[in-house]
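> 3D model of this:
(chains A and B)
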Amino acid sequence: MIVYGFINSVILALMALGFSLTFGISRVANFAHGGFYILGGILTWFFLMKVGLSYPIAAISAVLIVGIIGALMYRVLLIRLRGLELSEVITTFAVGIVILELLRSIGFMGFDYRIPIFIDGSIEIFGQYVGLQRVIIVIAGGFLLIALYLFVHYTKIGLAFRGVAQEDHTALSVGINPDKISLLSLFAGSVICALAAILILPLGSISIDEGYDVLIKALAVCIIGGLESSLGVIVASFIIGYIEVVTAMYISSSLTMVTTLGAMLLILLIKPSGIFGKSKDIEERV
Amino acid sequence: MMTTAQRKERIDRPIKAVTDDIFCVSSFREISYLIFPRVIPIIGLVLISIFVPLYWKKVMIITFMMAIMALSWDFLASCGLVSLGHALFFALGAYSSGALNHYFGFPVYLSIPLGTLSGAFLSTICLYPALRLRGIYFSMVTLITPLMLLRVVEATKIMGGTEGITALSPLPALPYTTTLAMLALWVAFFGLRRFINSDYGLIFNALKDNDRAVEASGLNIVWFKVQAVFIGSGIAAFCGAFMAHYYMSVGMSAFALDLSVFPIASSIVGGVGTLAGPLLGTLILSPLSEALRAFGTFRIVIYAALLGTFIAVLPEGLFHYLARKYHQIERWVEVSVGISGD
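All right, here's what the predicted structure looks like:
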């Protein structure tokens, strides 16, 4: 249980990371997240099975395409609406629905659409047999987190990201173009989202409805953890991850959504900005 | 460094300026300028709903209900509460009136009003924790609540689970139902308009523009938001209750995403914040979506694409655009640009 809870938590964190990154930097709540996730999976499947590229090339091209779509969404649609937060939300929501429902109506349904797992086999951890794919997810997730930390703390673009996240007018006055950084942040968020899809989706088959699930889970994690805090995302995914596993084990696996919803509403009642949220303008009452 | 460029100038039509004050009643031309845009939709809808063929009469009922949903969305949006999950209100209304009718045997004329009230009450309870959030944070919660409640119904098998509740009492014969739906639409439309323009309604508008100022005036904003959500969700819950009896069944499709997307799409296409805009939007989108029924789930792609296009290209919406064309003349004028020599 401990092992599976851990893996489940890392999966949740991976799902939420792209969303939280984009939101933290550019303040764009990317509701097309679920759409990008499924699109990443389906593109990988397409390149792998239909075009016949090798696994790494298929994965990289899928990730890049999703990233470019994210950036294009910013450049074409969102840039006209900067500052009108609700219009941004509605736009990204619409883009997500267009992606998911378009894929659905083209007919990507059923069990045929699955990405093969990287390495078959399982190893024993604490007396539990765990599939190697899950181990890879955990390792890759940890690696991604560390890489992201190093990136935003020790590279120029990363520092610019943080600058814009903190105060975009000041960033502008020292020569950082907030529009460019927001564009890059949408690119980065979409890339991470597609990476997560490629890591996680081999565990099952690709289904369109999972796109909505991913969005729900990413939002729940971000709301519980506090929207712009990376630490919050990790902590919240561990909370929800273990809640889900415990519910599935002791009550019923179909009730995991119920307990997650309950946990989220409870956190909102107690601390509306989330566990690690510092932002005052989320709450109306300080 | 003087160059000339062209700028669009907008001037009120003379008749608009005249009709702005009380003397407008002095000529028929001015009276009709004021009355036509207000009366034509009402008479037009009555005529249409009498004379169209049977199939389109049923479409009209759905259109009226969707228009009420859009009005409710627009009302909540003008209180600063942008909902991305209007299906929640619809479903709670539909399920509560269905349950009242099926399990407790209430007749239709009781189960719809009671279902509306209890739907509004349950929706308010569901969203209460989120009411201390503002802006997009509230929207996020409204987006995920119906999707999660859907899973709850699916998993716990309450309210008939995946099959839903069937064999509800039917509504009266079609002409009465159409009339009822149209009456409900006008009651919701004029009621909301009157409410928003009243002194009390101004507070709700102020919640959107500056909630801190409302709070500083000694008003409890959470309490006002509770009232706003209760009114808005009650209106949408009525649609749910009505449609449940119209279809004589209620199922998990009441949580469907199109019910959340449709009110947003018609409000954005029509113009947010006017109440007349969402109405116009629905009258365009709903028959369109009937005509596109053959496409199945692809319809939602079309809504969403329209939504994205309108918000990026014509963010004011059709209603504002048409109203501007009606009231103002536009012309291009030469203006000088740059630093003048003096």
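> low-confidence stretches in the stretch 151-300 of chain B?
B:160-162, B:296 (pLDDT under 70).
> would you tell me which residues of it are close to chain A?
Those residues of the stretch 151-300 of chain B that sit near chain A, judged by CB under 8 Å from any CB of the partner chain, are B:151-152, B:154-156, B:211-212, B:215, B:221-222, B:257, B:261, B:264, B:268, B:295-298, B:300. For glycine as for every other residue, the C-beta is placed from the backbone atoms N, C-alpha and C.
> need the contact list for residue A:197.
Listed by CB atoms under 8 Å, 6 or more residues apart in numbering or on different chains, the contact set of residue A:197 reads A:36-38, A:40-41, A:44.
> number of residues surrounding the nearest residue to residue A:179 once chain neighbours are set aside?
Excluding its sequence neighbours, the residue lying closest to residue A:179 (CB to CB, 6 or more residues apart in numbering or on different chains) is residue A:79, at 6.5 Å. Around residue A:79 there are 13 other residues, counting by other CB atoms under 10 Å in any protein chain shown.
> helix, strand or coil for residue A:79?
Following DSSP: H, G, I helix; E, B strand; the rest coil, residue A:79 is assigned to helix.
> where do the helices of chain B begin and end?
Taking DSSP state H, the helices of chain B run over residues B:14-19, B:28-51, B:54-78, B:86-103, B:108-127, B:136-156, B:174-197, B:199-209, B:211-216, B:221-247, B:257-270, B:276-291, B:298-313, B:318-327.
> which other helices and strands does the fourth one contact?
It stands for helix B:86-103. Packing partners of helix B:86-103 (3 or more CB pairs under 8 Å, 6 or more residues apart in numbering or on different chains; DSSP states H and E): helix B:54-78, helix B:108-127, helix B:136-156, strand B:165-166, helix B:221-247, strand B:249-250, helix B:257-270.
> what does the last one give?
Of the remaining helices and strands, those touching helix B:318-327 by 3+ CB pairs under 8 Å, 6+ apart are helix B:257-270, helix B:276-291.
> is residue A:157 located within a helix, as I assumed?
Yes - counting by three-state DSSP, residue A:157 is located in a helix.
> roughly how far does it sit from residue B:181?
Distance, residue A:157 to residue B:181, by CB to CB, to the nearest Å: 56 Å.
> and if you look at residue B:64?
For residue B:64, the distance to residue B:181 equals 4 Å [CB to CB].
> out of those two, which sits in the more crowded spot?
Legend: neighbour count by other CB under 10 Å for residue B:64 and residue B:181, higher for residue B:64 (28 against 23).
> list the contacts for the more buried one?
B:178, B:181-182, B:184-185.
> which stretches in the stretch 1-150 of chain A count as strands?
A:122-125, A:128-131 (DSSP state E, counting those that start in this stretch).
> comparing those by mean pLDDT, which bottoms out?
Of all these, the minimum mean pLDDT falls on strand A:122-125 (a mean of 64).
> leaving out the residues flanking it, which one is nearest to residue A:99?
That would be residue A:35: by CB to CB, 6+ apart, it lies 3.4 Å from residue A:99.
> burial count for that neighbour?
Other residues near residue A:35 come to 31 when the count uses other CB under 10 Å.
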